[in-house]
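[1] Following is a predicted model, sequence given first.
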Amino acid sequence: MLTTRTVPARPVLLIALAGSLLLTPTGASADPEPPTRERAHDQGLARAPESAARRSLTAPVTGLSDTTRGYPREQVLTPDPENPADRSVKLGLTPYHAIAPRLNALQRLGDRVSVEVAGRSAGGHRLYLVTVTAPETTAQARVQERMRELIENAPATAAESREIRAGYKAPVFFNNNIHGNEWEGTDASLKIIERLATAQDRRTRDLLAHSRLYLNITANPDGRIAGTRANANGFDLNRDFVTASQPETRAMRQIEIDKQPAVMLDLHGYVNGTLIEPTTPPHGENYEYDLFLKNTYANALGMEAAVNGLGHTPAKDGVEPAQIPFRDQEEGWDDWPPIFTPQYAAFHGTVAAHTVEIPLAVNNSLYDSLPVAELRRRSAINTAVAGAAITATLDFVRERRTSLIADQIEVFRRGAAGAAQVPVSEETVPGVPGIGPEDVYTTRFPRAYVIPAGSTAAARLVDHLLADDVRVDRASRELRLGGRTYPRGTYVVDMRQPKRGLANALLADGRDISDKVSVMYDISGWSLGRLWGATVTPVPSGSLAGAALRPVTAAAPVGSVAPRGDLRLRLTDPREIAALNSLLQQGVAVRRAADGSVIVPASARTLAAEAARTYDVVFGATRQKGTAALRRTRVAAAVTSGELFALREMNFEVTPVSTAVLNAGFDWSSVDVLFVSAGLDRDDLTSGARTALDAFLGAGHGLVGRGTIGAALSADTGLLAAKPVEGNGDANGVVRVVSSGPVTAGAPAHGFVYAPVWFTDLGPGVRVEQRYATGNPLVSGHWRPLPDGSGGPAAAAGRASVVSGPQAVLFGTEPLFRDHPKGEFAQVGRALFTMAHASSG
């Protein structure tokens, strides 16, 4: 929407300068937020403890659709030990250890408040989900669940149901503190719960009789305690919904699935004045955006009035008027990727979903520099602003319950019926002024996606889709579809299903939107279909009538071990890498094969069988004997949080290092290989630390580098003659690549880039392992040339994206980005094994 602003412009400007994306606040929020993007040069160095990763990789998902109890569902929570170091205390806010006693007290106020534990964080802290509603018997709760299921599973019937129209309680979800150092949503929610627990006015009684309010008290307790944006694994949870690598994200995903909210708020900070979505273009092409915009904009107007009605002013309080990006800005605050909570919620039937950014910054450097009294003044205002947004939303739900539920039903009906999307316009979305062609984003959904069975990657993808509540079928006999024949056992995602938008968002290639806007808030390209290692084929049209398809609740296991002889394990999947590391750590004598796989001796069949079950991988029969022996591989890693987590997911023994760690003295005999992408600059090392590093590499140990930081260390130590060329630092997306070397053998034909790099001026002995494809390598995402014409996809086309030599492998792509592109992980694993054994030839 391109209009003349009707309120003061958002005082956080997205500025693209020399490839960097910065946030520049003004007024009372004079301290910059962290960059919107984890820039290649700015990504935080990973320091997360291994225990947090192990907890995240093994944490179960807590189901929240219990129909054996009514409401309230009370429980006495065991208090946590008091923690004076909790960063909330200084702000006068509720520390995490005080939440359980507070919730116990709120439950005692009456019969409206229930508390459930929705899971545990990466750091092991409980995630509290509070429900506020009028009491329900077990029978009444079962009726509500039956109606909820009817809305999703039989939306055409639900649309005609008088019972739903009269008696279904509208589900509303308030998500707080997903960024740990954006605290006040938690405190506002606790105040709202206390008021609703006892209020006897007609509006409150009517609200609770006709709705259920779900409040995730703190989505990120690790960050709340530590005063960090990220959780204990260093992950920004509000970028994790496509991948769902973290237990907190999976808990929020389950709330969306089991509670099916029609309306939700995600409370953040800090933008002055208060930023209330809907967003600027580009808008996600897989949403039913006409329904979403209609309701989200209407609720935004109510929240804007409530926030401004508090009476804060720039002169008196340093608080600017609230703003709505859709109305007040041209670009820079988009809802394109479903990595954010509200955008992900839209695919589960939420028809009014908002990020709300409260105004006054109290985090980062201001936390340490401002007087306590000023911090607490700001936090009190922020809590009031968050409370006003919540209260306005409750009024919106009370007044529009029937139409909100009808629109949620319509989202699911369109998906199940295969109905066309409705492009937004002032005619199709009355009440939203100024809609223009720049707001129109739709897509053509295929009839189905086909996923051949039998691989570890396919099983992982199917299980991930099912966890997202995407329906997957399996052919019980040979299947003919779209002019092709598929064998029995093939997985099929029928795109005539209620959550087709999410299925398509996850599996489709996506779109190149480089020409649509000049800058994006975060990633613009992602694709499980291209990046997760499985073969995924869209079927544009055709009929599934008569196809012998049966719904599945879990992928069929593929792990197996050949019954006799030596065993061959391919190394093209992260789970295969994890299985190999497990065997090496148990002392199994594994040898490399010429084709890049590994040979496991027949004597280790029992251990191989255990690994096959644990990691769902295949140990095939082989007559190869292998070449060089592999040994346990220990990695020193100066990397980002996503990379560290992915390395641990592949079962590598990792010691995080940095410039500071090396300067403090590091025992290089404890590791075999060095992986560098962030936080290590040889020029900043002390002479002793530099000598020790050079001695480690001089002894023949290898380097795996990613991006310009990894390439710089390679150049400084003379390991590999290759010149890194930086592309546009704001670019990201799915790219076509051509692999040709042993490190990238078996890699998919697509990779992921984020601030892409390529290599030129290759010296003798440098092998090109992978190149960007010729033509335009970008499949989906946003990648423009820089103003001088350099740095674009045309400049990268045909250039080397991964190079190797006897002692170094350098990546210009992002194969471990945020733990997402699973099909790319094995390239890094193979590189680490190769470089760990460089000293032995």
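    That came in fine, so what should we check first? Residues are numbered from 1 along each chain as shown.
[2] Show the low-confidence segments of the stretch 201-350 of the chain, by residue range.
    Within the stretch 201-350 of the chain, no stretch has pLDDT under 70.
[3] can you give me the strands in it?
    Using DSSP state E, counting those that start in this stretch, the strands found in the stretch 201-350 of the chain span residues 211-216, 263-269, 275-276, 280-283, 334-335.
[4] closest one to Thr341 among these?
    Among these, the nearest to Thr341 by Cβ to Cβ is strand 263-269 (4.3 Å). Where C-beta positions appear, they are placed from N, C-alpha and C, glycine not excepted.
[5] Against Leu502, how distant is Gln624?
    43 Å (Cβ to Cβ, to the nearest Å).
[6] Same check on Val588?
    41 Å.
[7] go on, Arg631?
    Distance from Arg631 to Leu502, by Cβ to Cβ: 44 Å.
[8] Those two: who's more crowded?
    Leu502 (23 against 15; other Cβ atoms under 10 Å).
[9] isn't there a strand covering the more buried one?
    No: with DSSP: H, G, I helix; E, B strand; the rest coil as the criterion, Leu502 is located in helix rather than a strand.
[10] is it true that it touches Glu288?
    No: Leu502 is beyond contact range of Glu288, at 11.6 Å (criterion: Cβ atoms under 8 Å).
[11] Show me the common contact partners of the two, please.
    Residues touching both Leu502 and Glu288 do not exist when contact is defined as Cβ atoms under 8 Å, 6 or more residues apart in numbering.
[12] can you count the residues close to Ala156?
    Look at Ala156: counted by other Cβ under 10 Å, it has 11 neighbours.
[13] how close does it get to Ala416?
    Using Cβ to Cβ, one obtains 7 Å as the distance from Ala156 to Ala416.
[14] check contacts around the nearest residue to His348 once chain neighbours are set aside.
    Spatial nearest neighbour of His348, chain neighbours left out: Glu256 (4.3 Å); criterion: Cβ to Cβ, 6 or more residues apart in numbering. Applying Cβ under 8 Å, 6+ apart to Glu256 gives the contacts Phe173, Tyr344, Ala345, His348, Thr350.
[15] Closest one of the residues you listed to Ala611?
    Tyr344 (33.7 Å).
[16] Contact partners for the nearest residue to the closest one once chain neighbours are set aside?
    Distance criterion Cβ to Cβ, 6+ apart; nearest residue to Tyr344, sequence neighbours excluded, is Phe241 at 4.0 Å. By Cβ under 8 Å, 6+ apart, the contact set of Phe241 is Thr249, Met252, Arg253, Pro338, Ile339, Phe340, Thr341, Gln343, Tyr344.
[17] so who does the closest residue in space to the third one that isn't next to it in sequence touch?
    I take that to be Arg253. Among residues not flanking Arg253 along the chain, Ala244 sits closest, at 5.8 Å (Cβ to Cβ, 6+ apart). Applying Cβ under 8 Å, 6+ apart to Ala244 gives the contacts Arg250, Arg253, His464, Ala467, Asp468.
[18] Selection in PyMOL covering whichever of those residues are buried, please.
    Buried members of the contacts of Ala244, defined by 16 or more other Cβ atoms under 10 Å, are picked up in PyMOL with:
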select buried, resi 250+253+464+468
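[19] which one of the contacts of Ala244 sits closest to Gly765?
    His464 (40.6 Å).
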